[in-house]
Each structure stands twice: as structure tokens, then as C-alpha cells.
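**Student:** Sequence and predicted structure are below.
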Amino acid sequence: MLSNPNLEGYEITRKFWQYYYNSSKKTFVAPKKCSGCYNDDRFVVWAVSVGVQAVVDGARLYKELEPLIDPAVAIFQKYKNNHIKGYSAAENNGNDKDIYYDDDAQVASAIITAYEVTGNKKYLDQGRELVRFLMSGWNDNPNARNKGGVKWHINNAYLNACTTAEVAKACLQISQFIPSESKVYVDFAAKCIDWQIKVLQDKGDKLIMDGIQDTADHPNDTKWTYNLGATLSASSHLYHITKDSKWKDISDELAKAGIDRNAFFYDRDYSNDKRYWRDPSYFVQLIIEGLADYLLYVGDDVPEDLRKGVTEEVRHHLIMFYEYMKDPEDGLYIQSFEPHLTYKETYETKYKREFGDRKGWGLKKDDKDGDKDVPLKCLMGGASAARVFFQGARVVPKIE
């Protein structure tokens, strides 16, 4: 039974590091091609960023993980374009331009967090350089139908929620450590979230839509958990810094929408007490982080009913994730967050007992070994699971 989410996060981090980190190649290497690999054995920078963030999150609490920070952060240099100063999706010779601003925002967050934990100024310098690159992704094309927002890719002006909010989040992180430049970063973050709420928030359910092409008439109205989570992190941090009630109102609205079990990203095929976020764990980790940031940054100003609701919702999801997605043999996790898309034995012994047989068993494509119905774990799954527990523990440190 899950009792200490932080300890669970630590155990997962230790195991995925042992499983994937190759000390001779000084990077994460897949023993067998799996989800998140761009070739037979190397991972895209997005998966690496989540892995490094999990290591740093863990080291904040468990000092024995601190020696892993430097080799973890050093992996990013294999992906860096030395001219543009951004990080490509794949390892390269320093010139590749397949660069995504949302991936790089997560790289920046991991590097800046490494500075928070260690005080090593080289991480602050690296983070500052990358944040400056991220800010260059603002869409200032005067001929665009949709102006503003941060681009998805350096060559694609899809203006999406995760990119815009995650860049804002990275700006706010670094603003704390460079007082002479702080206003520049805070103002840019405010510009990002103002745009996000104006353009991508559904005025009905208050959720955040995925994005809009700079030439399009209408946004892509898919609503993922991580888009709301990253926006909530940024708006809450803006309130903490500025004390402007506008940001508190936005944060309250987003937090309430994120835990509404009638929301788009809940599986509503079940009774209310059994509903859950149906996104994969690499998205869910960011809504949990957003809710934790909301409680931290809005603090005593959080309405008591919302505080209680956030706490209960995070607790509900931590327990379900632990019960259904943990491999009892090696302690690692697949990426699914849906209890029927799990290990066959878990489905037969747990899912049917709790949920009945309303949904048939299966595995998500990302959790399969090729076309076989055999689970195959990956770096992203392990890293996201660690972050689910580390971030969740900020809300629910102990489960009785």
C-alpha cells in the first residue's frame, strides 16, 4: 500500500537511473527500443528532460541522489545547437534545427531547478541562456492572423498552450535568482499567460485548449491536463510575485476546473467517485505540479473548499496510479493512467473487482513491445511516475 509518495518517487528514480543511464556513453540508453526513442536506443530530449527533472526533484529531498545531478544535466549538451542555443529533439553535432520550444522549456526548468538544489552557478548560466532563447519564440509576425503566443517549433508557428505556459514558468523560475533582470522575465511571463487566457481558455468550462496555428480561424479545442497544469503553475507564481488579484482569480478558476470530475479530460464512463484523469502520466505529472504550485504560491489565500478538493483529488490519483500502473516485479511504471490499460494480471485481479468489466483489457501503444500485447517500459514512464509522486507529495505527503 502507498503510504509515502516521496519515498516511492525516490525508489522509482533510483531504479530508472540504474536501468537507463549508461556511464560509458554518459547518457540514457534504452536496452530495447521503446517509446520515446528516436532511433534504436536513444531518447528524445523531451524524455530526457523529464528524467533529469525527476533526478533533481529527488535530490532536493534525498541527498544521496545529488551526485546524479551533474551527469544528468550534462546529457543535455549532446542535444544542444551551439549556434541557436536551443536544444534539438535528437543528439546532434551542434547544428541540428529540429528544436521545439516546449521541450526546451522543460529542459530549462530542469536546469534551473538544478541550480536551486545545488547552488552551482554554471546551471544558472545555462538556464539564463536557454530562457533567453525561449523568449525569442514569441510570435511577433505582424502578418500573422493570430499574433502573440510562443511557437511550438522554430519553423512552425503553431501557438500552443504547453509551449506558452512552460516558457512563462521557466521565466518565473529564473526571475527569482537574477534580481537585476527579474522584471523582464516576470513581464514576459505575464504577457504569455494573458495571451493564453484570452486566446486558448474555453470561457465555458475554463479549461485550456491545445493551441492555434498563426494562420487559422479557430483553435484546436482538445483539452489536455498538462495545458491546464502548466498554466496554473505560471498564474499562481505570478500571483505570488505580483500580488495582483487578477492572477489569483485566474488560478482559482483553473484549479477548480482541473478537479471538476465532469471535465473533458476525466474518464466520465464511470460514476463520479471512480472518475480519473485519463491522460498519460507524462501529462498528468504537470497537472499535479500545477495544483501543488497553486497551494504553495496562492497559499493562505486559497479558498478552503478548493484546498480540500485539490488534496482529495491528488490523493485519489496517487493511490490509483500506484495500485494499477506499478510493475510488481521491478517497481517501474508504464505510461498509462487508465486502470484497464494495464498489466493483464492487474486487470483481472484489481480492475474487475473495483470497476467491473465495463472496459476490456489492453495496453496503450506506447506501453507495448512492438505489436505484442506485452508491456515494455521506457524512460518517460519511469521519470513521469517519479514526478507524479514527488509533486503529489507536495500536496499529500503521507497517505494513511
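**Tutor:** Perfect, thanks for sending it. Residues are numbered from 1 along each chain as shown.
**Student:** Show the average pLDDT along whichever strand or helix holds Ala386.
**Tutor:** Ala386 belongs to helix 379-393 when elements are defined using DSSP states H and E. Helix 379-393 carries an average pLDDT of 98.
**Student:** Look up how far Val52 lies from the residue nearest to Gly362 when sequence neighbours are not counted.
**Tutor:** Leaving out its chain neighbours, the residue that sits closest to Gly362 by Cβ to Cβ, 6 or more residues apart in numbering is Leu341, at 5.6 Å. All C-beta spots, glycine's among them, are computed from the backbone N, C-alpha and C. For Leu341, the distance to Val52 (Cβ to Cβ, to the nearest Å) stands at 27 Å.
**Student:** Looking at those two, which has the bigger crowd around it?
**Tutor:** Neighbour count, other Cβ atoms under 10 Å: between Leu341 and Val52, Val52 has more, with 28 against 22.
**Student:** before we move on, back to that, residues contacting the residue nearest to Gly362?
**Tutor:** Leu341 makes contact with Trp361, Gly362, Leu363, Lys364, Asp367 under the criterion Cβ atoms under 8 Å, 6 or more residues apart in numbering.
**Student:** can we see that at 10 Å?
**Tutor:** Residues in contact with Leu341 (Cβ atoms under 10 Å, 6 or more residues apart in numbering) are 278, 280, 324-325, 334-335, 347, 351, 359-364, 367.
**Student:** Pretty sure Lys191 sits against Asn139.
**Tutor:** No - in this structure, Lys191 is not within contact of Asn139 by Cβ atoms under 10 Å, at 11.5 Å.
**Student:** Quickly list what's touching both of those two.
**Tutor:** Jointly contacting Lys191 and Asn139 under the rule Cβ under 10 Å, 6+ apart are Gly148, Gly149, Val150, Thr164.
**Student:** Let's have those in JSON lines, adding distance to Met209, pLDDT and secondary structure.
**Tutor:** What follows is the shared contacts of Lys191 and Asn139, written out as JSON lines (distance: Cβ to Cβ, whole Å; pLDDT from 0 to 100; DSSP: H, G, I helix; E, B strand; the rest coil):
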{"residue": "Gly148", "distance to Met209": "15", "pLDDT": "97", "secondary structure": "coil"}
{"residue": "Gly149", "distance to Met209": "12", "pLDDT": "98", "secondary structure": "coil"}
{"residue": "Val150", "distance to Met209": "15", "pLDDT": "98", "secondary structure": "strand"}
{"residue": "Thr164", "distance to Met209": "12", "pLDDT": "98", "secondary structure": "helix"}
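**Student:** Quick one: the helices in the protein, in order.
**Tutor:** 5-20, 45-61, 69-74, 101-118, 121-135, 161-175, 182-200, 225-242, 245-258, 281-298, 304-325, 344-346, 352-355, 379-393 (DSSP state H).
**Student:** The closest residue to Val314 other than its chain neighbours: neighbour count?
**Tutor:** Spatial nearest neighbour of Val314, excluding adjacent residues (Cβ to Cβ, 6+ apart): Val395 at 4.3 Å. The local packing of Val395 (other Cβ under 10 Å) involves 22 other residues.
**Student:** do the same with Asn92
**Tutor:** Count around Asn92 with other Cβ under 10 Å applied: 16.
**Student:** shouldn't it be in contact with Asp98?
**Tutor:** Yes - between Asn92 and Asp98 a contact is recorded at 8.2 Å, counting by Cβ under 10 Å.
**Student:** quick one: Leu159 from Ile84, how far?
**Tutor:** The value you get for Leu159 to Ile84, if Cβ to Cβ is used, is 20 Å.
**Student:** between those two, which one's more packed in?
**Tutor:** Leu159 (28 against 16).
**Student:** From what I see, the more buried one and Val167 are in contact.
**Tutor:** No - applying Cβ under 10 Å as the test, Leu159 and Val167 come out as separate, 11.5 Å apart.
**Student:** Need the residues touching each of the two.
**Tutor:** Gly137, Trp138, Gly149, Val150, Lys151.
**Student:** residues in contact with Gly36?
**Tutor:** Gly36 touches 28, 30, 42-44, 46-48, 50-51, 282, 335, 366, 378-381, 383, counting by Cβ under 10 Å, 6+ apart.
**Student:** returning to what we had before: just the buried residues of the contacts of Leu341.
**Tutor:** Buried subset of those (neighbour count, 16 or more other Cβ atoms under 10 Å): 278, 280, 324-325, 334-335, 347, 351, 359, 361-364, 367.
**Student:** Can you give me the first-to-last residue distance of stretch 143-151?
**Tutor:** Terminal residues of stretch 143-151 lie 15 Å apart, using Cα to Cα, to the nearest Å.
**Student:** mind checking pLDDT for Glu400?
**Tutor:** The per-residue pLDDT of Glu400 was computed as 87.
**Student:** dump the residue contacts of Asp366.
**Tutor:** Here Asp366 is in contact with Cys34, Ser35, Gly36, Pro280, Tyr282, Ile334, Gln335, Ser336, Leu376, Cys378, Met380, Gly381 (Cβ under 10 Å, 6+ apart).
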